[in-house]
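Undergrad: for reference, the sequence and a predicted model appear below.
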Amino acid sequence: MAAYRVISDNLTGTETIVDSDTIKDKEGPRLRWAALLVPAVVGTAANLWHGAFIIDDTYIGLRYIENLVRGRGFVFNQGEAVLSISSPLYCLLLALLRWTGLDLEWSAVFLNVVFVAVMLVLVGLIALRSLKPPLTLALGLLIGLFPLTWFTANSGMETGMSMVAVYGTFLALFTGHWFWAGVAASVAVQVRPDGVLLIGLAAAYVALKDRRKLWQFLLPLAVLALPWLIYATATYGSPIPTSIMAKRANHATAAPVIIKRIGGLLLLIFPISIFSLVGMIRAARERSELLLIAAWMALYMAGLVAAGIDLLQFIWYFSPLAPGMALMAAYGIDGLAEKWAARRPATDQRRRTAGRAALIYFIALAAVFGALTVPLKHFLVLTGHDRVVKYLMIGKWINDHARPDDVVMVAECGALGYMLMDHYVLDQSGLNNPEVYEVCRPGPAPGPKAPPDFRPRFLTRECELALIRERRPDYIMTFEMFMHVGELAQDPWFRNSYRRVDLGDDKLNSYILLEKVR
């Protein structure tokens, strides 16, 4: 039954009875705009306040871009057609900015800050189809202040663009815009290989809704995605990047271990994950459109398990899941609030109380997880970003002392590779040099009870020595945990062929730079 409100006009002395739904419709647009824009503004401000945190992997793509801009081709090493990046479209977008003269590192961070803001609006539009504006606003604040959101915005990786493509695809599907869903899905697959999972799921959704219009979804995929697939196959031999094989070799992990680690991460965000499960159950029972997002999340996690890679080394793989989990959690807690309010007698006061409780819960979560970003950032700076900064310092030293045609062998190829643009960089992990696997074949993945080993499993002392003997690099640069330098020094040939360089900075004592004896 509709509710009514009496509106008094003090000027004329008359009273009018107005349907409360009419008042709600007039107030609604303001609330909806606030639910969309406030999280985007707050999230952007938080990301800018926390500042950039460019990781080593980002610089691999930046080297590709710099080589392309310099006319050397879309390659890591000039003259070698090796595809080691999984985000060609993102790199090409950055290349356009680089051609205008903009700084690459700044552009990578700027783009992702913008992409994250757009993602927050897209998720808000999806949420407003099922949730009230106040809860949608609180949901957006939670996502905008979530630690992984800051990491996505400031790491320089392609994750922000990927998330826009993924949630843009869902919004287009839910609103029946099959063509634009195909456009967004084609972007997703050219930004991250896991976009293939989204395409399959989206195609099934369109076929279920209107099979006769499936072509509208597939057409932009053929026009926008096929050219890259054809070019990559003709140029590199395959559109599948070599980094997938390299990561499986370097960080091979058994499925039970990956499942355990996913479970551990879900426990860390238990206040979200438990209600996310409730939301998935509600979506299944009510056959909500949000069930499609739940299905994608399950498929995505299954893909992570099947990949067989140590996920703790690539935490950004979890970033696309965070908005979906928060959305499902909001849907779940909203359903519980509705059930509580529907108990007899179902009064307006009870409904308001239930809505406020859900709202307060999400705002509290946003505050807590937003605060947790500070210690997480401090930890990541100490364990990761500090190493990148020092790699950049060492790269400058090598540029100042090495000859232009010198070959530099590195354990981590990102920041060092970017600094050494005029040198051939031999990547011992095989990300950009698949010929490494001709010398060192990957061994079997460790069992579920094996302790995690950060050192590449297939690069034994014998493999490293054989690789160095074969390629004779002029410089070898490594962090102390990555190579068997102490064991290599026991070999007479190695001891007579290489000597350690004094970098002249106590802060670099953990970094080992070896120079070939000429």
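TA: Arrived safely, thanks for sending. Computed from a predicted model, the values in this text were never measured in an experiment. Numbering: from 1, shown residues only.

Undergrad: from now on I want contacts and neighbour counts done on CA atoms only, so please keep to that.
TA: Will do.

Undergrad: which of the three states applies to residue 408?
TA: With DSSP: H, G, I helix; E, B strand; the rest coil as the basis, residue 408 sits in strand.

Undergrad: surely it touches residue 426?
TA: Yes: in this structure, residue 408 is within contact of residue 426 by CA atoms under 8 Å, at 5.9 Å.

Undergrad: what do the two both touch?
TA: Residues touching both residue 408 and residue 426 (CA atoms under 8 Å, 6 or more residues apart in numbering): residue 473.

Undergrad: what segments of the stretch 51-200 of the chain are helices?
TA: For the stretch 51-200 of the chain, helices defined by DSSP state H, counting those that start in this stretch occupy the ranges 56-69, 88-99, 104-127, 133-145, 147-154, 159-174, 178-191, 195-210.

Undergrad: just so I know, which of those helices lies nearest residue 505?
TA: Closest to residue 505 of those, according to CA to CA: helix 56-69, at 21.3 Å.

Undergrad: returning to that earlier point: quick check: which of the helices of the stretch 51-200 of the chain is nearest to residue 515?
TA: Closest among the helices of the stretch 51-200 of the chain, once you apply CA to CA, is helix 56-69, at 23.0 Å.

Undergrad: pull the residues that contact that closest one.
TA: Against helix 56-69 from outside (CA under 8 Å, 6+ apart): 73-76, 78, 85, 91-92, 94-95, 98-99, 104-105, 155-157, 385, 388, 412-415, 417-418, 421.

Undergrad: what about 6 Å?
TA: 73, 74, 75, 76, 95, 156, 157, 388, 414, 415, 418 (CA atoms under 6 Å, 6 or more residues apart in numbering).

Undergrad: averaged pLDDT, that helix. What do you get?
TA: When pLDDT is averaged over helix 56-69, the result is 95.

Undergrad: what is the burial count for the residue lying closest to residue 50 once chain neighbours are set aside?
TA: Nearest residue to residue 50, sequence neighbours excluded (CA to CA, 6 or more residues apart in numbering): residue 150, at 7.5 Å. Neighbour count of residue 150, defined by other CA atoms under 10 Å: 29.

Undergrad: swap in residue 101?
TA: Residue 101: 9 neighbours (other CA under 10 Å).

Undergrad: re earlier: the helices of the stretch 51-200 of the chain into JSON lines, with extra columns for distance to residue 322?
TA: What follows is the helices of the stretch 51-200 of the chain, written out as JSON lines (distance: least, CA to CA, whole Å):
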{"stretch": "helix 56-69", "distance to residue 322": "21"}
{"stretch": "helix 88-99", "distance to residue 322": "21"}
{"stretch": "helix 104-127", "distance to residue 322": "11"}
{"stretch": "helix 133-145", "distance to residue 322": "7"}
{"stretch": "helix 147-154", "distance to residue 322": "8"}
{"stretch": "helix 159-174", "distance to residue 322": "10"}
{"stretch": "helix 178-191", "distance to residue 322": "17"}
{"stretch": "helix 195-210", "distance to residue 322": "16"}
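
Undergrad: among those helices, which comes closest to residue 378?
TA: helix 147-154 (11.8 Å).

Undergrad: how far out from the middle of the chain is the closest one?
TA: Distance, stretch centre to chain centre, for helix 147-154: 9 Å (CA atoms, centre = their mean, to the nearest Å).

Undergrad: and if you look at stretch 406-413?
TA: Relative to the mean C-alpha coordinate of its chain, stretch 406-413 is positioned 26 Å out (CA atoms, centre = their mean).

Undergrad: ends of that stretch, what's the gap?
TA: 16 Å (CA to CA, to the nearest Å).

Undergrad: report the mean per-residue pLDDT for it.
TA: 92.

Undergrad: ditto for stretch 340-359
TA: 73.

Undergrad: which of the residues in that stretch are buried?
TA: Buried residues in stretch 340-359, counted by 16 or more other CA atoms under 10 Å: 341, 350, 351, 354, 355, 358, 359.

Undergrad: stretch 112-131 too?
TA: For stretch 112-131, the neighbour count (16+ other CA under 10 Å) marks 112-113, 115-128, 131 as buried.

Undergrad: who touches that stretch?
TA: Outside stretch 112-131, the residues that touch it by CA under 6 Å, 6+ apart are 36, 40, 136, 153, 160, 161, 164, 171.

Undergrad: go with 7 Å
TA: Residues from elsewhere that reach stretch 112-131, judged by CA atoms under 7 Å, 6 or more residues apart in numbering: 35-37, 39-40, 43-44, 47, 136, 140, 144, 152-154, 156, 160-161, 163-164, 167-168, 171, 327.

Undergrad: what of stretch 87-94?
TA: By CA under 7 Å, 6+ apart, stretch 87-94 touches 61, 65, 107, 108, 158, 190, 191, 192.

Undergrad: OK, contacts around the nearest residue to residue 466 once chain neighbours are set aside?
TA: In this structure, residue 466 finds its nearest non-sequential neighbour in residue 439, 7.0 Å apart by CA to CA, 6+ apart. With contact taken as CA under 7 Å, 6+ apart, residue 439 is in contact with 463, 466, 467.

Undergrad: which of the residues you listed are buried?
TA: 463, 467.

Undergrad: coming back round to it: closest to residue 315 among the contacts of helix 56-69?
TA: Nearest to residue 315 among the contacts of helix 56-69, with distances taken as CA to CA, is residue 157, at 11.7 Å.

Undergrad: can you get me a residue count around the closest one?
TA: For residue 157, using other CA under 10 Å, the count is 26.

Undergrad: now do the same contact list for it.
TA: Contacts of residue 157 by CA under 7 Å, 6+ apart are residue 58.

Undergrad: change it to 10 Å
TA: Contact partners of residue 157, counting by CA atoms under 10 Å, 6 or more residues apart in numbering, are 54-59, 61, 87, 90-91, 108-109, 111-112, 151, 316.

Undergrad: from those residues, which two are the most distant?
TA: 91 and 151 (18.6 Å).

Undergrad: the more surrounded of these two?
TA: The neighbour count for residue 91 versus residue 151, taken as other CA under 10 Å, is higher for residue 151 (28 against 24).

Undergrad: wait, the more buried one sits on residue 52?
TA: Yes: Residue 151 lies in contact with residue 52 (CA atoms under 10 Å); the separation is 8.7 Å.

Undergrad: rewinding a little: which one of the helices of the stretch 51-200 of the chain lies nearest to residue 503?
TA: Between residue 503 and those, the shortest separation by CA to CA is 20.8 Å, and it involves helix 56-69.
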